[in-house]
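**Q** Sequence first, predicted model second:
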Amino acid sequence: MVPIAYYLVLSAILFSIGVAAFLIKRNIITIFMSIELMLNAVNLTFVAFAYQWHRVSGQIFVFFVMVVAAAEAAVGLAIIIALFRSRATLNVDQVDLMKL
Amino acid sequence: MTSSLHLWLIPLVPFAGFLVNGLLGRRFPKALVTTVAWVATLIPFLQVLNIALDFSSLTLPYTENDGTWITAGSFHADFAFALDQLTLIMLLVVTGVGFLIHLYSAGYMAHEDGYWRFFAYLNLFMFFMLTLVLAENFLLMFVGWEGVGLASYLLIGYYFTKDSAANAGLKAFVVNRIGDFGFLLAMFLLIAHFGTLSFGEVFNQIAQHPEWQGGFLTAIALFLILGATGKSAQIPLYVWLPDAMEGPTPVSALIHAATMVTAGVYMVSRAHVIFDRSPFALTTLALIGAATALFAATIGLVQTDIKRVLAYSTVSQLGYMFLACGVAAYSSGIFHLLTHAFFKALLFLAAGSVIHALGGEQDMRVMGGLWKKIPITFWTMTAAVFAICGIFPFAGFFSKDEILYQAFISPNPIGKLVWFVGLFTAGLTAFYMFRLWYLTFFGESRAPEPAHDDHGHGHAHGVHESPWIMLGPLVVLAILSVIGGWVGVPAALGGHSEITHFLAPATQPVGEAPEGPHSQELLLAVVSVATAGIGWFIAHLMYFMKPEVPKQLAARLHGLYELLLNKYWVDQLYGAVIVAPVLFFSRYALKGLFDTGVITGGSLALGYTTQGIGSLVQRVQSGNIRSYAGWLALGAAALLLLTYFGFGPHLTF
């Protein structure tokens, strides 16, 4: 059996990649994908612990996260399309109207 | 008698009148406003009359509790009303004279703007005055006490577009506040010592402790006196009353002559149980009364405004009532209150009729020769002048004489002194009242031609007698001014002093009232009538026989004349000693230092600090998503580190 630490390390690596990509990338779609990456890293942790402790609640929570992620993807992509239509760019550094 | 008298209706009906006229009167036609105000005054009057007719069948004092008002621990104050002989007299005066003046006002105010407002205020005044009179505890009395002050303020400032009227209203209110402060302190002391403010309970407790003499009772009495001097315009707080003449004349008659200003006398009589235990307070009261009577009468000698003469005369007559209370002759004080209400209301209303006839003129120097032109006003006013001067057998003779007699036979060592001051004042009173009488009605008309028509009633078409709605009340009051004193004809003159006996259960001090021989009383009566006669004679000489004498006399006694004309410079003195320092303190210390410095400065500093911090922090909100994300990541990392290393047991997540 694979020790739980492996899963956790993998999850941490995936999450860190997600965070790094989120901070570094300028393309909004890439940023969106990095969010998905972070969510799935967390999902991996849930599943690993659920398996470890033989508790089903972690598994169920993962389903919730997936549903939320799907909804978020739908809304987020819609926003991205609207944004692209109005500003003809996907670069988030050029979308900074919301400031004082 | 077991059935309720529904005393609460007496004040509440005028209040309903106030609400109707005050809320809707603007849209009502004048006739409807008048009807509402009249009915709202007539109903309580009829109810009081009804009670009076059935009075002998009542068990007195009758009290009526209409619910609890305030409860705080063991202390409670109720909406309680009480009726006894003293209350009945006051009720008759307030509702009776009040109703007559409501009638008169309909004529006098017919051409004024804000007619509805005037009647709404009058009804409001009636409500508070009746509450004051009927209250069974000091607190409810205080409600009425404050309320009549409010109504007085509103009515003095009725012509609020006129600066002097607005200021006079303010002055009345502020000066009264000083007196109210004394009343409040007295109530605090009463609560501290008796745990209750109910008249019955307080007076019972005092009656059960004959060993209580002076001490805290003196303190309470002195504070009550301070309250009374404010409301009843006595030294040192009398200054507001002459200025209050800025109000319409019916207001002067009702509030500033017949009813409200007598509230102090009523309050002292009501609380006489307290005063009886404090010879010091009584002496103070007698001295204040005597001093005010004399002081105001001397000022009245030289005033030229007809209403101001009457105002000082009111202050002076109120001094008599205080003098009476001060020698523990409360029923004499109330007797004078009663007759004074008749003849002083009449004097003011008749003066109002004169002013009305002259289209708003109040200066006696430009009157004269009016008696043929306005005969009814003249004759009614004559009755009032005779009454106030104490000429036999007019009303004032009996009441004033009773006061002087009681002062003379009083066991108090200052009795003779205040008697003499009162007697001298009676002479002065006769002089200035007949001066007014001669200046107004006799001699040649001194009016500049053509007659004024620029202000006031706006319908000056020569001198004219007033309409009957005004003359009717004058005639009724004139009759009362003649016969009103007959309820108190002393035994020395073959009467039975009915009013004294009637009031005895409510106002008789504990112990035997001093009695003197009848011959002495007769002699004193002759002396005081003679004094009044001398005053009349001098006035006759100076203002009828030789009208040039007053000017020469004023020139010869220039200093004295100026002193009196300027009212002893008391207003200026108060202005310099009290008003100016208060204004200075308010303007520079409170406004300059505290308001501008601390309040305005503090809030400005707070605002600028917030703005400064904001301008620093606003850089964070760049609109750049990645920078937000960076902060978010930093924060999450910080939380993570905090969780991992911790800062102690209480900061774990």
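**A** The structure has been received and is ready for your questions. Numbering: from 1, shown residues only, chains lettered A, B, ... in the order given.
**Q** how far out from the middle of the chain is stretch B:490-500?
**A** 30 Å (CA atoms, centre = their mean, to the nearest Å).
**Q** Sorry, wrong one. I was asking about stretch B:522-538.
**A** 30 Å.
**Q** Mind telling me what element residue 96 is part of?
**A** Because you didn't say which chain, this covers chain A. If you go by DSSP states H and E, residue A:96 is not part of any helix or strand.
**Q** I was after chain B.
**A** Residue B:96 belongs to helix B:85-108, assigned by DSSP H and E.
**Q** helices and strands around that helix, which ones?
**A** Where contact means 3 or more CB pairs under 8 Å, 6 or more residues apart in numbering or on different chains; DSSP states H and E, helix B:85-108 is packed against helix B:30-53, helix B:115-134, helix B:249-253, helix B:263-270, helix B:330-357, helix B:468-483, helix B:498-507. No exception for glycine: its C-beta is placed from N, CA and C like everyone else's.
**Q** Of these, which shows the lowest average pLDDT?
**A** Ranked by mean pLDDT, the helices and strands packed on helix B:85-108 bottom out at helix B:498-507, with a mean of 83.
**Q** Tell me which other helices or strands that one touches.
**A** helix B:85-108, helix B:330-357.
**Q** next structured bit after the last one?
**A** Think helix B:330-357. helix B:375-389.
**Q** What residues sit buried inside that following helix?
**A** For helix B:375-389, burial by neighbour count (16 or more other CB atoms under 10 Å in any protein chain shown) applies to B:376-378, B:380-389.
**Q** which of those residues sit farthest apart?
**A** Farthest apart among the buried residues of helix B:375-389 by CB to CB are B:376 and B:389. That separation is 20.6 Å.
**Q** chain center to the longest helix along chain A, what's the gap?
**A** In chain A, taking DSSP state H as the definition, the longest helix is helix A:57-87. Distance of helix A:57-87 from the chain centroid (CA atoms, centre = their mean) equals 9 Å.
**Q** Let me know the average pLDDT across it.
**A** Over the span of helix A:57-87, the pLDDT mean works out to 93.
**Q** mind listing what's buried in it?
**A** A:58, A:61-62, A:69, A:76.
**Q** could you pick out which of those are near chain B?
**A** When those are checked against chain B using CB under 8 Å from any CB of the partner chain, none falls in range.
**Q** Am I right that residue B:313 is in a helix?
**A** Yes. Assigned with DSSP: H, G, I helix; E, B strand; the rest coil, residue B:313 falls within a helix.
**Q** Closest one to residue B:505 out of the buried residues of helix B:375-389, please.
**A** residue B:387 (27.9 Å).
**Q** so what's that closest one up against?
**A** B:339, B:342-343, B:346, B:394-397, B:481-482, B:484-485 (CB atoms under 8 Å, 6 or more residues apart in numbering or on different chains).
**Q** now the residues you listed: which count as buried?
**A** Here, 16+ other CB under 10 Å leaves B:339, B:342-343, B:346, B:394-397, B:481-482, B:484-485 buried among the contacts of residue B:387.
**Q** Would you reformat those residues as TSV and include distance to residue B:561?
**A** Below are these laid out as TSV (distance: CB to CB, whole Å):
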residue	distance to residue B:561
B:339	32
B:342	33
B:343	28
B:346	30
B:394	31
B:395	33
B:396	28
B:397	31
B:481	32
B:482	35
B:484	35
B:485	35
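**Q** residues contacting residue B:174?
**A** With contacts taken as CB under 8 Å, 6+ apart, residue B:174 has no neighbouring residues.
**Q** quick one: pLDDT of it?
**A** 92.
**Q** Show me which residues of chain A sit near chain B.
**A** A:19, A:22-23, A:26, A:31, A:92-93, A:95-100.
**Q** So which of those are in helices?
**A** Filtering the residues of chain A next to chain B for helices - DSSP H - leaves A:19, A:22-23, A:31.
**Q** As JSON lines, the residues you listed with pLDDT, distance to residue B:508 and neighbour count would be great.
**A** Shown next, in JSON lines, are these (pLDDT from 0 to 100; distance: CB to CB, whole Å; neighbours: other CB atoms under 10 Å in any protein chain shown):
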{"residue": "A:19", "pLDDT": "91", "distance to residue B:508": "98", "neighbour count": "21"}
{"residue": "A:22", "pLDDT": "89", "distance to residue B:508": "98", "neighbour count": "22"}
{"residue": "A:23", "pLDDT": "89", "distance to residue B:508": "99", "neighbour count": "15"}
{"residue": "A:31", "pLDDT": "90", "distance to residue B:508": "100", "neighbour count": "22"}
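**Q** any idea which of these is closest to residue A:11?
**A** Using CB to CB, those come closest to residue A:11 at residue A:19, 12.5 Å.
**Q** correct me, but the closest one touches residue B:630?
**A** No. If you go by CB atoms under 8 Å, residue A:19 and residue B:630 don't touch, sitting 9.8 Å apart.
**Q** burial measure for the residue of the stretch 1-150 of chain B at minimum distance from chain A, as a count.
**A** Closest contact between the stretch 1-150 of chain B and chain A, by CB to the nearest CB, is at residue B:23 (51.2 Å). Residue B:23: 11 surrounding residues under other CB atoms under 10 Å in any protein chain shown.
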